[in-house]
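Chemist: following is a predicted model, sequence given first.
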Amino acid sequence: MTSNGWLQIALFALVVIAITRPFGGYMTRVFAGERTFLSPLLRPVERFVYLFCGVDETEEQPWRTYAVSMVLFGVVGFVTLYALQRLQWYLPFNPQGQAGVEQVLAFNTSVSFVTNTNWQSYVPETTMGYLVQMAGLTVHNFVSAAVGIVLAIALIRGFARHEASGIGNFWVDLTRCTLYILLPISLVVALLFVWQGVPQNLNAYVDATTLEGAKQTIAQGPVASQEVIKVLGTNGGGFFNANSAHPYENPTALTNLVQMLLLIGIAAALTNVMGRMVQDERQGWAIFAVMSILLLMGVTTAYWSEARGNPAFAAFHVDAAPNASQAGGNMEGKEVRFGITPSALFATVTTDAGGAVDAMHDSFLPLGGMVLIVNMALGEVTFGGVGSGLYGMLAFAIVTMFVAGLMVGRTPEYLGKKLEARDVKMTMLALLSYSLSILGWTALAAAVPQGLAGIANSGPHGFSEILYAFASATGNNGSSFAGLSTNTIFYNMTLVGAMLMGRFIYVIPLLAVAGSLAQKKRVAPSAGSVPTHSPQFVGLLVGVVLIMGGLSYFPAMSLGPVTEQVAMNRGIHYPAP
């Protein structure tokens, strides 16, 4: 750990804080239908979309209609993406002549991109043609991200409105989010990426001859346009198998910093959107503070673990100290152009928010790997995926106020709304379904030969690979411990189950809570009310998130990363040969 490393982390944190409020103000105006600086250009396009699709932008939807619209949109998206993959051989813009994707893999990939998971059980550059990459994967990178954002907005409206029957219009929210937020940023940053060296073309792959005389095929294509929405929408599905560790996806230190900011920017700004919509920005900053504390805890642990090097190498007198000629620490699986600090920071941010990787998570030391698993297992509420992080944190806030209400013997309330038994039950249903998905699918995979056949390493690390996979799928994250071979019928189908549970079974109960809250009257705070913008609330919410996560996942953690770290400290190196 060096002063330069901490300076990089501090710079990243300052930029995130600086952009949160202005970006949050812009997003608030977008979802309120107010005029923005892009309105003269995009408002006619927005009107045309409503006219073409037959949408009445003034119509409000109750929570059930909002949920049905979301599910139907997902079904249509799944069918179209599945068809594109299966028919790929007959489609244009396929210079490498990629064949149609195998049916089980196509099924997994379609669900993955529709749910904003973007898990990839395949090698993209040898599996997908350009049309499928653009019209299939990139389009879903936009719309699946927009769905997550608008679901968070719908839950915020539940707290912000009173005696209302509707929580917004799904189709209007989806259109505005895509047109005014995701597309403009993507256009600008894609040009920055091209400037930095990211390819953007429709050319065939290039055959090159190496210095040793061997033939190498260099993949290229419309990379920049997919790369920006990959990280902005916390999608994670890369154009190349190596993802953001590939120099064509992430060539420089500048693109690495920009990608981290894109991963977390919308999620951070949504906390400010929440504060503005409930007419008390302090509420948003309180949620921001909770997320920041959890992020700092994760970054510190991962950075410390990776910077100290591999303890199993101590007996061999390996010099792991940073100096002028080496980055030091555990450089296995990391890009030398980034080093330990950006890699640890990127890994923590991406498991808090998205699924892109600039280092191989399977090569992290046990405690660093545990941070990455815990980030996802807690529900990715530390800023989290676009939208999903905020509505997940608000679920924990509801539980926190329920606990606080029990302590003082009062009916719990949050943001001026009484939290009744049905609200708490639906919230707990969402949170418990998340734990059930991760632990249930992990237990199945660890107990059957089809699951055990996929692990590349014996001992606790092999278990960690399985646990990571289902935490990532349930959290709609998409990153992986790449030692696990998942392109099998067993893993393709079980991961689909985890992705669907993490997206739909998790969010539909929360939409029910939003509908219930929107119908309630606003209550004035009293002497017994817990101020939800205070340090006391911030500390209580952090505790609830960690305790609920600890109680749910500690048995699994003790079998995986914790056991592996103990063994490593005793000189036993996992993965065992």
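Modeler: That came in fine, so what should we check first?

Chemist: the most centrally placed residue in the chain: what secondary structure?
Modeler: Centroid-nearest residue in the chain, with C-alpha atoms, centre = their mean: G354, separated by 2.8 Å. Under DSSP: H, G, I helix; E, B strand; the rest coil, G354 falls in the coil class.

Chemist: excluding covalently adjacent residues, which one is nearest to it?
Modeler: T234 (3.3 Å; C-beta to C-beta, 6 or more residues apart in numbering). In this view, the C-beta of every residue, glycine as well, is placed from N, C-alpha and C.

Chemist: please apply the same query to A456.
Modeler: G483 (3.7 Å).

Chemist: would you say the one you found is within a strand?
Modeler: No: secondary structure of G483, determined by three-state DSSP: coil, with no strand assignment.

Chemist: could I get the contacting residues of it?
Modeler: Counting by C-beta atoms under 8 Å, 6 or more residues apart in numbering, G483 touches D362, I455, A456, N457, H461, G462, E465, P575.

Chemist: including distance to L257 and secondary structure, could those residues go into JSON lines?
Modeler: Listed next are the contacts of G483 as JSON lines, based on distance: C-beta to C-beta, whole Å; DSSP: H, G, I helix; E, B strand; the rest coil:
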{"residue": "D362", "distance to L257": "24", "secondary structure": "helix"}
{"residue": "I455", "distance to L257": "34", "secondary structure": "coil"}
{"residue": "A456", "distance to L257": "32", "secondary structure": "coil"}
{"residue": "N457", "distance to L257": "32", "secondary structure": "coil"}
{"residue": "H461", "distance to L257": "31", "secondary structure": "helix"}
{"residue": "G462", "distance to L257": "34", "secondary structure": "helix"}
{"residue": "E465", "distance to L257": "29", "secondary structure": "helix"}
{"residue": "P575", "distance to L257": "32", "secondary structure": "coil"}
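
Chemist: tell me the one of the residues you listed nearest G416?
Modeler: Using C-beta to C-beta, E465 comes nearest to G416 of these, at 45.4 Å.

Chemist: so the residue nearest to the centre of the chain touches G385, yeah?
Modeler: Yes: using C-beta atoms under 8 Å, G354 is in contact with G385, at 6.3 Å.

Chemist: shared neighbours of those two, anything?
Modeler: By C-beta under 8 Å, 6+ apart, the residues touching both G354 and G385 are T234, N477.

Chemist: ok so, going back, just say helix, strand or coil for the residue nearest to G354.
Modeler: Looking at T234 with three-state DSSP, the answer is coil.

Chemist: what of M407?
Modeler: helix.

Chemist: list phi and psi for N201.
Modeler: phi -160, psi 180 (degrees, to the nearest 10).

Chemist: can you count the residues close to the residue lying closest to it once chain neighbours are set aside?
Modeler: For N201, ignoring the flanking residues on the chain, the nearest one in space by C-beta to C-beta, 6+ apart is Q220 at 6.3 Å. For Q220, the count of nearby residues is 19 (other C-beta atoms under 10 Å).

Chemist: quick one: residues contacting Q220.
Modeler: By C-beta under 8 Å, 6+ apart, the neighbours of Q220 are P199, N201, N203, Y205, V206, Y248.

Chemist: ranking those residues by neighbours, who comes first?
Modeler: That'd be Y248 among the contacts of Q220, by other C-beta under 10 Å, with 21 neighbours.

Chemist: distance of that residue from F113?
Modeler: 21 Å (C-beta to C-beta, to the nearest Å).

Chemist: all helices of the stretch 201-350 of the chain, in order?
Modeler: Here the stretch 201-350 of the chain has its helices, by DSSP state H, counting those that start in this stretch, at 223-232, 253-277, 281-307, 340-352.

Chemist: can you lay out these as a markdown table showing distance to V132?
Modeler: Listed next are the helices of the stretch 201-350 of the chain as a markdown table, based on distance: least, C-beta to C-beta, whole Å:
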| stretch | distance to V132 |
| --- | --- |
| helix 223-232 | 11 |
| helix 253-277 | 23 |
| helix 281-307 | 35 |
| helix 340-352 | 24 |
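
Chemist: roughly how far is the helix ranked longest in the chain from the heart of the chain?
Modeler: Determined from DSSP state H, the single longest helix within the chain is helix 3-31. The chain centroid and the centroid of helix 3-31 are separated by 17 Å under C-alpha atoms, centre = their mean, to the nearest Å.

Chemist: now the element after it, going C-ward?
Modeler: helix 39-53 (DSSP states H and E).

Chemist: buried residues of the helix or strand just after that following helix, list them for me.
Modeler: As assigned by DSSP H and E, the chain's next helix or strand after helix 39-53 is helix 63-86. Of the residues in helix 63-86, 63, 65-67, 69-70, 73-74, 77-78, 80-82, 84-86 count as buried by neighbour count, 16 or more other C-beta atoms under 10 Å.

Chemist: so where's this protein shaky on pLDDT?
Modeler: 527-528, 550-558, 562, 566-577 (pLDDT under 70).

Chemist: for G379, which non-adjacent residue is closest in space?
Modeler: Nearest one to G379, counting by C-beta to C-beta, 6+ apart, is G392 at 4.2 Å.

Chemist: assumed the one you found was part of a strand.
Modeler: No: looking at G392 with three-state DSSP, it is helix, so not inside a strand.

Chemist: on that earlier part again, I'd like to know how far the residue nearest to the centre of the chain sits from N243.
Modeler: 11 Å.

Chemist: overlap in contacts, these two.
Modeler: With C-beta under 8 Å, 6+ apart as the test, G354 and N243 both reach G236.

Chemist: quick one on the thing from earlier: which one of the contacts of G483 is nearest A524?
Modeler: When the contacts of G483 are compared against A524 (criterion: C-beta to C-beta), the nearest one is E465, at 52.1 Å.

Chemist: contacts only, for that closest one.
Modeler: D362, G454, I455, A456, N457, F481, G483, L484.

Chemist: strands of the stretch 51-200 of the chain, start to end?
Modeler: Applying DSSP state E, counting those that start in this stretch to the stretch 51-200 of the chain gives no strands.

Chemist: helices of that one, start to end?
Modeler: Using DSSP H, counting those that start in this stretch, helices in the stretch 51-200 of the chain cover 63-86, 103-114, 124-127, 130-131, 139-160, 170-176, 183-196.

Chemist: who does the longest one touch, helix- and strand-wise?
Modeler: Just to be clear, that refers to helix 63-86. helix 103-114, helix 139-160, helix 170-176, helix 506-518 (3 or more C-beta pairs under 8 Å, 6 or more residues apart in numbering; DSSP states H and E).

Chemist: which residues touch the last one?
Modeler: So the one you mean is helix 506-518. Everything outside helix 506-518 that qualifies as a contact, by C-beta under 8 Å, 6+ apart, is 62-64, 66-67, 70, 151, 154-155, 157-159, 161-162, 164-167, 388, 391-392, 394-395, 398, 417, 420, 422-423, 426-427, 429-430, 433-434.

Chemist: any of those buried? List them.
Modeler: Applying 16+ other C-beta under 10 Å to the contacts of helix 506-518 flags 62-63, 66-67, 70, 151, 154-155, 157-159, 161, 164, 166-167, 388, 391-392, 394-395, 398, 417, 423, 426-427, 429-430, 433-434 as buried.

Chemist: and the nearest residue to V299 once chain neighbours are set aside, what is it in contact with?
Modeler: With C-beta to C-beta, 6+ apart as the criterion, V299 has its nearest non-adjacent residue at 4.7 Å, and that residue is T348. By C-beta under 8 Å, 6+ apart, the contact list for T348 reads L295, G298, V299, A302, V371, L372, N375.

Chemist: find the nearest non-adjacent residue to R86, please.
Modeler: G100 is the one closest to R86 (C-beta to C-beta, 6+ apart), at 4.9 Å.
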